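Chemist: Quick one, structure for this:
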Amino acid sequence: MTHSAAQSTTEGPLGSAAEVKRHKWWGWGLDDVAFRWDNKPAFAPFAIDKIGLDLPGSTPEPEPTLEGFEVPASRLPEDVRAALSGVVGTENVVLDDELRVVHSFGRSVTDLFRVRTGDFSRIVDGVVYPGTEDEVREVLRLVLEHDLVLIPYGGGSCISGSVTPDVSEQRPILTLNLGRMRRVLSIDDTAGLARVDAGVYGPDLEEQLNAEGWTLGHFPDSFTYSTLGGWAATRSSGMQSDKYGDIADIVRGLRLVHPRGVLALTALPGQSDGPSLREMVIGSEGRLGVITEVTVQVHRLAPVRQVIAYMYPDWEHGIRGMHAIARSTEVSPTFTRLSDGPETTFSLAMVKAPSSTKGKIAATAQDALFAYLRRKGWDTENDMCISYVCFEGSQESVARQERIVKSLVKHNGGITLGSGPGAIYDQKKFDTPYLRDFLLGYDVFGDVSDTATPWSRLNEMHTSAVDAAHAALAELERPGFVFCHMSHSYHSGACLYFTFAFPYSAKEQALSEYQHVKNAIQQAFIDHGGTLSHHHAVGTEHQPWIEQDVTPVGVSILQDLFSTSDPARNLNPGKIVSP
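Modeler: Okay, here's the model as predicted:
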């Protein structure tokens with residue numbers, strides 16, 4: 001049975017450009033949301049110990065104001081603006097300075113640093129908000145006719161430079177924001193398939209699906225500020241990919257507006273019709289066209305959801321436990337996650353001071369538990385590793401799986417903490433990006449790098465990447481911390497997600513210092529059998545390692561694909577591979 005989803009039956013676009021959600025121009029998310037350290041007793045001691053940042057004795061830089069910088073005027077010719085207005089409406093062709101700045105940068109550390117220092121040497125010349133696929137086709141026709149550059153834009157949350165224009169580009173540059181196209185168009189109840197506009201943000205998508213009893217199950221860190229089309233275009237992975245799969249598994253069909261017309265791929269359970277066109281579009285970062293609609297596999301909402309926390313004495317015991325869970329034929333967790341010792345220490349430093357009687361009792365119980373573990377020989381300051389496993393299903397199924405995992409964890413040296421810490425993690429999982437803005441206010445870089453590698457190489461990769469980061473920091477003579485968690489578990493391996501932070505010495509050399517550390521970690525990935533990224537795309541920031549990752553032959557095939565499909569380089573040129 002197929003039906004139109006509730007609240008999604010109205011024909012035509014939703015609202016105007018002014019109603020589309022966006023980041024603040026200088027950082028992540030909403031203006032009135034920010035990271036606080038003063039309600040976390042262990043955070044200030046952690047900061048001074050790891051990066052030498054004396055929070056009580058320091059004053060952060062004031063939030064930047066756009067009026068303090070010179071924003072270049074738009075280069076969009078008036079006749080082109082008029083033609084675009086004729087397609088999407090005057091109110092949906094925006095040349096406003098702030099919105100052009102917002103759409104000229106993703107949310108990588110490089111982007112945020114440039115924004116906060118007013119480095120607007122090249123920004124987009126206009127933002128166009130189409131409301132239908134036909135309007136997208138007409139906009140693309142005008143782009144090709146007038147030899148413009150077009151950059152498709154989802155939520156702008158990418159950290160790889162995928163939406164940032166080339167500073168050397170002289171042609172007018174347009175950003176195409178699909179935020180007005182944000183409906184669940186229909187749901188096939190029998191097949192469990194949903195047709196969805198590509199411009200829908202994660203929370204809006206889940207709200208529409210949940211109202212019908214469904215979920216996509218895709219929850220990347222950027223969930224609140226990223227879109228379905230963006231997930232497909234950057235080959236995203238979500239926190240719950242153990243059960244629901246990566247976006248490449250979730251996307252069953254799609255529509256792509258291409259210079260030659262519309263590529264329409266039907267959602268089918270399997271095909272044997274040559275190389276996969278669906279796979280070709282997934283991860284293409286706007287180089288092949290504009291994804292306007294995606295058909296995705298959806299799942300009925302589980303009646304019970306439970307996140308349980310566990311603790312291991314060290315990383316190696318934890319990895320053995322995670323491997324055992326992944327190989328078990330009796331459990332199918334929604335997600336599995338293991339933090340190494342340094343990340344566990346960081347997580348404990350992020351805990352708020354207890355204010356309720358229940359919270360104070362829990363804190364006392366935790367202190368007693370850690371004291372007991374130290375008597376057993378555990379290093380609770382450096383090596384102890386926390387893990388989270390999520391279970392979904394019926395009450396009976398969840399209880400059975402919890403018992404099995406508890407036994408596997410115990411067999412591999414761990415203990416079960418219970419649902420309390422797991423519930424807190426589940427509630428706060430989307431808050432971390434605000435920490436980067438906070439650190440930048442104190443001249444501190446905080447960033448992430450991720451890779452995937454087989455189980456047999458996970459420990460080697462973990463050690464090598466951490467050592468490479470520490471060596472790079474030592475060469476700069478900068479303090480810093482590096483930590484990691486394992487996530488996105490597969491039969492053959494898993495994702496390792498590294499976080500690093502350090503204070504830069506001066507603004508003039510800040511980005512070169514950042515690149516020195518980032519490059520060391522990225523090269524360690526390649527040198528030890530990993531991929532350049534597991535789920536953060538290529539863009540421009542990961543491009544230096546693409547040839548080592550896919551070989552020169554792979555790069556030449558990609559170059560041939562892009563140059564044949566887009567010979568004049570009008571579609572997000574320079575991303576993934578250079579010409």
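Chemist: how near is the residue sitting furthest away from the middle of the chain to A363?
Modeler: What lies farthest from the middle of the chain is R375; by Cα atoms, centre = their mean that is 39.9 Å. Here the distance between R375 and A363 works out to 19 Å (Cβ to Cβ, to the nearest Å). For every residue, glycine as well, the C-beta is placed using N, CA and C.
Chemist: pretty sure I48 contacts D54?
Modeler: Yes. Here I48 reaches D54: they are 5.4 Å apart, a contact under Cβ atoms under 8 Å.
Chemist: Among these two, which residue is more densely surrounded?
Modeler: Neighbours were counted for I48 and for D54 using other Cβ atoms under 10 Å; I48 has more, 16 against 10.
Chemist: give the contact list for the more buried one.
Modeler: The contact partners of I48, taken as Cβ atoms under 8 Å, 6 or more residues apart in numbering, are 54-55.
Chemist: Quick check: which element contains it?
Modeler: Counting by DSSP states H and E, the element that carries I48 is helix 43-51.
Chemist: Quick check: next helix or strand after that helix?
Modeler: Assigned by DSSP H and E, the successor of helix 43-51 is helix 78-88.
Chemist: ok, residues contacting that next one?
Modeler: Helix 78-88 has contacts (Cβ under 8 Å, 6+ apart) with 92-93, 95, 126, 128-131, 135, 138-139, 142, 146, 148, 172, 174.
Chemist: Off-centre distance for that helix?
Modeler: Taking the mean of its C-alpha atoms, helix 78-88 sits 34 Å from the chain's own mean (Cα atoms, centre = their mean, to the nearest Å).
Chemist: Just the buried residues of the contacts of helix 78-88.
Modeler: 92-93, 126, 128-131, 135, 138-139, 142, 146, 148, 172, 174 (16 or more other Cβ atoms under 10 Å).
Chemist: where do the helices sit along the stretch 151-300 of the chain?
Modeler: Per DSSP state H, counting those that start in this stretch, the stretch 151-300 of the chain carries helices over the ranges 202-210, 228-233, 241-244, 247-250, 277-281.
Chemist: out of those helices, nearest to T117?
Modeler: helix 228-233 (25.9 Å; Cβ to Cβ).
Chemist: Tell me the confidence at Q7?
Modeler: Predicted confidence (pLDDT) for Q7: 39.
Chemist: actually V87, sorry about that
Modeler: So, for V87, pLDDT stands at 98.
Chemist: where's the residue nearest to it when sequence neighbours are not counted, which helix or strand?
Modeler: Nearest residue to V87, sequence neighbours excluded (Cβ to Cβ, 6 or more residues apart in numbering): E138, at 4.4 Å. If you go by DSSP H and E, E138 is part of helix 133-145.
Chemist: So which elements touch that helix?
Modeler: Helix 133-145 sits against helix 78-88, strand 149-153, strand 173-177, strand 251-258, strand 290-297, with contacts defined as 3 or more Cβ pairs under 8 Å, 6 or more residues apart in numbering; DSSP states H and E.
Chemist: The closest residue to A501 other than its chain neighbours and H488: what is the separation?
Modeler: Computed as Cβ to Cβ, 6+ apart, the closest residue to A501 that is not its neighbour in sequence is G446, at 4.0 Å. G446 sits at a distance of 21 Å from H488 (criterion: Cβ to Cβ).
Chemist: which of the two has more neighbours?
Modeler: Neighbour tally, G446 and H488, criterion other Cβ under 10 Å: the higher count belongs to H488, 23 against 20.
Chemist: rewinding a little: in JSON lines: the helices and strands packed on helix 133-145, plus distance to E460.
Modeler: As requested, the helices and strands packed on helix 133-145 are arranged in JSON lines below (distance: least, Cβ to Cβ, whole Å):
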{"stretch": "helix 78-88", "distance to E460": "52"}
{"stretch": "strand 149-153", "distance to E460": "38"}
{"stretch": "strand 173-177", "distance to E460": "42"}
{"stretch": "strand 251-258", "distance to E460": "33"}
{"stretch": "strand 290-297", "distance to E460": "35"}
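Chemist: P354: which of these is closest?
Modeler: Across the helices and strands packed on helix 133-145, P354 has its closest neighbour in strand 290-297 (40.8 Å, Cβ to Cβ).
Chemist: okay, the angle between the closest one and helix 202-210?
Modeler: Interaxial angle of strand 290-297 relative to helix 202-210 (axes from the mean of the first three to the mean of the last three Cα atoms, to 10 degrees): 40 degrees.
Chemist: Run through who's touching stretch 348-365.
Modeler: Identification of contacts with stretch 348-365 by Cβ under 8 Å, 6+ apart yields 39-43, 45-46, 420, 424.
Chemist: likewise stretch 320-329?
Modeler: Here stretch 320-329 makes contact (Cβ under 8 Å, 6+ apart) with 310, 312, 331, 333, 336, 338, 387, 389, 404-405, 408-409, 411-414, 455, 486, 489-491, 494.
Chemist: if we can go back for a sec, any idea which of the helices and strands packed on helix 133-145 gets closest to A474?
Modeler: strand 149-153 (38.5 Å).
Chemist: gap between the closest one and the chain center?
Modeler: The answer for strand 149-153 is 19 Å, by Cα atoms, centre = their mean.
Chemist: what does it rub up against?
Modeler: The contact list for strand 149-153 (Cβ under 8 Å, 6+ apart) reads 103, 124, 127, 139-140, 143, 163, 165, 169, 171-178, 229-230, 233, 286, 290-291, 569-573.
Chemist: and what of stretch 109-116?
Modeler: With contact meaning Cβ under 8 Å, 6+ apart, stretch 109-116 is reached by 25-27, 64, 101, 105, 119-120, 159, 161, 164, 436-437, 440, 445-447, 510-511, 514, 541.
Chemist: re earlier: distance of the residue nearest to V87 relative to G89?
Modeler: In terms of Cβ to Cβ, E138 sits 12 Å off from G89.
Chemist: Give me the distance between the closest residue in space to G377 that isn't next to it in sequence and G422.
Modeler: Using Cβ to Cβ, 6+ apart and skipping residues adjacent in sequence, the residue nearest G377 is P313, 7.8 Å away. P313 sits 19 Å away from G422, going by Cβ to Cβ.
Chemist: do R114 as well
Modeler: R114 is 38 Å from G422, by Cβ to Cβ.
Chemist: Looking only at neighbour counts, state which of those two leads.
Modeler: Using other Cβ under 10 Å as the criterion, R114 and G422 rank with G422 on top: 21 against 18.
Chemist: Just to be sure, that one is in a helix?
Modeler: Yes. Under DSSP: H, G, I helix; E, B strand; the rest coil, G422 falls within a helix.
Chemist: My guess is it contacts V307. True?
Modeler: Yes. Using Cβ under 8 Å, G422 makes contact with V307 at a distance of 3.3 Å.
Chemist: Show me whatever sits in contact with both of the two.
Modeler: Residues touching both G422 and V307 by Cβ under 8 Å, 6+ apart: 388, 390.
Chemist: where does the stretch 201-350 of the chain have low pLDDT?
Modeler: By pLDDT under 70, the stretch 201-350 of the chain has no low-scoring segment.
Chemist: Let me see the confidence value for D367.
Modeler: 89.
Chemist: does it belong to a helix or a strand, and which?
Modeler: Per DSSP H and E: D367 is located in helix 357-375.
Chemist: ok, how many other residues are close to the closest residue to P342 other than its chain neighbours?
Modeler: Leaving aside its chain neighbours, P342 sits nearest to F483 (3.7 Å; criterion: Cβ to Cβ, 6+ apart). Neighbour count of F483, defined by other Cβ under 10 Å: 21.
Chemist: The one 4 residues further on now?
Modeler: The tally of other residues near S487 (other Cβ under 10 Å) stands at 25.
Chemist: Kindly report the same for L348.
Modeler: 18.
Chemist: Dihedrals phi and psi, it?
Modeler: Main-chain torsions, L348, degrees, to the nearest 10: phi -70, psi -30.
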